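*Asks:* coords please:
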Amino acid sequence: YDLISNQYHQHHDIEALPNGNLLAIAWEYMSEEDALNLGRDPASINESIWPTAILELKPIGISDVEIVWEWHLKDHLIQDIDPLKPNFGVIADHPELLDFNYNIPDSRKDFVHANSIDYNEELDQILISSHHTSEIWVIDHSTTTEEAAGHTGGIYGKGGDFLYRWGNPAIYDRGTEDDRKLFLQHHASWIPNGYENAGKISIYNNGVNRPGGNYSSSDIIDPPTDGNGNYIIDGGNAYGPEELYWTYDGNGQPFYSIIMCGTESLPNGNMLVCDSSNGNLTEVDQDGNIVWKYVIPVNNNGPVVQGTNPFSNSSFRAQRYSVDYSAFIGQDLTPGDPIEINPIPNNCEIFTPVNSISEDQSINNIHISLSQDNTTLLIHNTSQVESLVVDVYNAIGQRVYTTKANGSYTSIDATLWSNGLSIIALSDAFGRHIGTKKIVR
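*Replies:* Sure thing, here's the model as predicted:
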């Protein structure tokens, strides 16, 4: 079903509900006249504007839907520039509403730019990520469509107003730029029940124009609640928390993506981080250690040669599915050929890390070993191949070193590449592959 018309334009994300329906983010057309009637600053509008709507779609047949529930941001705006408009008020007195004239750099029509949506079945709440405000919002799904258009009703008694917001309290005049926590974030979601940190919220914080410099992070926050889904805010303060519950920013190896990205909690307590711009998928444990990494080996032109930098290999988001996921039932999950061009030959066997390679590891009369202090790679060649090409690859398939080995004995400085798993690939002077061995230093 294509949710596109003169009134709506679906974009970015959907969320499947337990009842089989779908929540969809959509831009909603608002004329210049209607925007001005809601107190929009005339200098911040150009012909029209497209605020956010959330529509619940009930699938009908194979290509139609019934809209069974609606939420419209336009019903939850406040402004303080025109006292003659019905939604005039003091911004700081209404954290449940969005300032229609918050500080935006231009008159762009998409002034909110919602980029993710999530649903909490236990609380019957919806979580929205608003990129342009650097905020996340929680709204009540238990309302009727009529209640969602107002300020009362639903389990939590606030109609369609924000139950919670976090990331940039300056937007509702309860903080300054120094209090800002999010910087053009993506992929806000609740951590599921049964997982470590269940009930908390994970966010990919892109970190664009972050005061400490441009770097991204995978963050977890623990919103203050009363245990019944009501969010606590003290007096005239901003919504907490003041500090992150957990964060990963690369542990000394910063990563940064200006657009897209995602982070997902896994059943084992680790986080899967999608660094979109660089095409990197990384699993990290709670201590920030990288336990698995995958570099997307496809760019705009298709698969790349293994060991080369793919460039332009971005991915909007990534999600981990277990092998017992229901959609895989009856499907052939046998691995196929490697995606990469000219992949490093291997049989993808599971190996046990060691401090050095075994003494009996050799390739067609070519013996490879590490010195006792692990600083030198030693190659003893008793084969008929007089000149060898030695390529060293790291654990994610990047070539980190190459040289030639002539004669019977060759010593190579192994400190020229990082510790950990390395793959040593040997070929002759004509480029014909001879063999591959793994070492761990």
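*Asks:* buried ones in stretch 299-314, by neighbour count?
*Replies:* Buried positions in stretch 299-314, judged by neighbour count with 16 or more other C-beta atoms under 10 Å: 299, 304, 306-307, 310, 313-314. C-beta coordinates here come from the backbone N, C-alpha and C atoms, glycine included.
*Asks:* what sits up against it?
*Replies:* Around stretch 299-314, the neighbours that count as contacts under C-beta atoms under 8 Å, 6 or more residues apart in numbering are 260, 276-279, 295-298, 338-344, 391, 393, 397-399.
*Asks:* next, count neighbours for Y245.
*Replies:* The local packing count at Y245 equals 14, with neighbours defined by other C-beta atoms under 10 Å.
*Asks:* please list all residues in contact with it.
*Replies:* Listed by C-beta under 8 Å, 6+ apart, the contact partners of Y245 are 197, 200, 220-222.
*Asks:* pLDDT weak spots in the stretch 1-150 of the chain?
*Replies:* Low-confidence segments of the stretch 1-150 of the chain (pLDDT under 70): 104-107.
*Asks:* hmm, D226 is touching I232, no?
*Replies:* Yes: with contacts defined as C-beta atoms under 8 Å, D226 counts as touching I232 at a distance of 6.2 Å.
*Asks:* just read off the phi/psi values of the closest residue in space to G307 that isn't next to it in sequence.
*Replies:* Excluding the flanking residues, the one nearest G307 by C-beta to C-beta, 6 or more residues apart in numbering is R399, at 3.7 Å. R399 adopts backbone torsions of phi -70, psi 120, taken as degrees, to the nearest 10.
*Asks:* bridged to R399, which residues?
*Replies:* Judged by DSSP bridges, the bridge partners of R399 are Y393.
*Asks:* mind checking how far the residue nearest in space to the middle of the chain is from I339?
*Replies:* Closest to where the C-alpha atoms of the chain average out (C-alpha atoms, centre = their mean) is G262, at 0.7 Å. The span separating G262 from I339 equals 21 Å under the rule C-beta to C-beta, to the nearest Å.
*Asks:* neighbours around P59, how many?
*Replies:* Residue neighbour count, defined by other C-beta under 10 Å, stands at 13 for P59.
*Asks:* the helix or strand hosting it packs against which elements?
*Replies:* Using DSSP states H and E, P59 sits in strand 52-60. Using 3 or more C-beta pairs under 8 Å, 6 or more residues apart in numbering; DSSP states H and E as the contact criterion, the neighbours of strand 52-60 among helices and strands are strand 22-28, strand 64-72, strand 125-130.
*Asks:* repeat that with 7 Å
*Replies:* Applying 3 or more C-beta pairs under 7 Å, 6 or more residues apart in numbering; DSSP states H and E, one finds that strand 52-60 contacts strand 22-28, strand 64-72.
*Asks:* got the contact list for D428?
*Replies:* Applying C-beta atoms under 7 Å, 6 or more residues apart in numbering, one finds that D428 lies in contact with 385, 387-388, 434.
*Asks:* which pLDDT value belongs to it?
*Replies:* Confidence per residue is given as pLDDT, and for D428 that number is 78.
*Asks:* beta partners of it?
*Replies:* As assigned using DSSP bridges, the partners bridged with D428 are L388.
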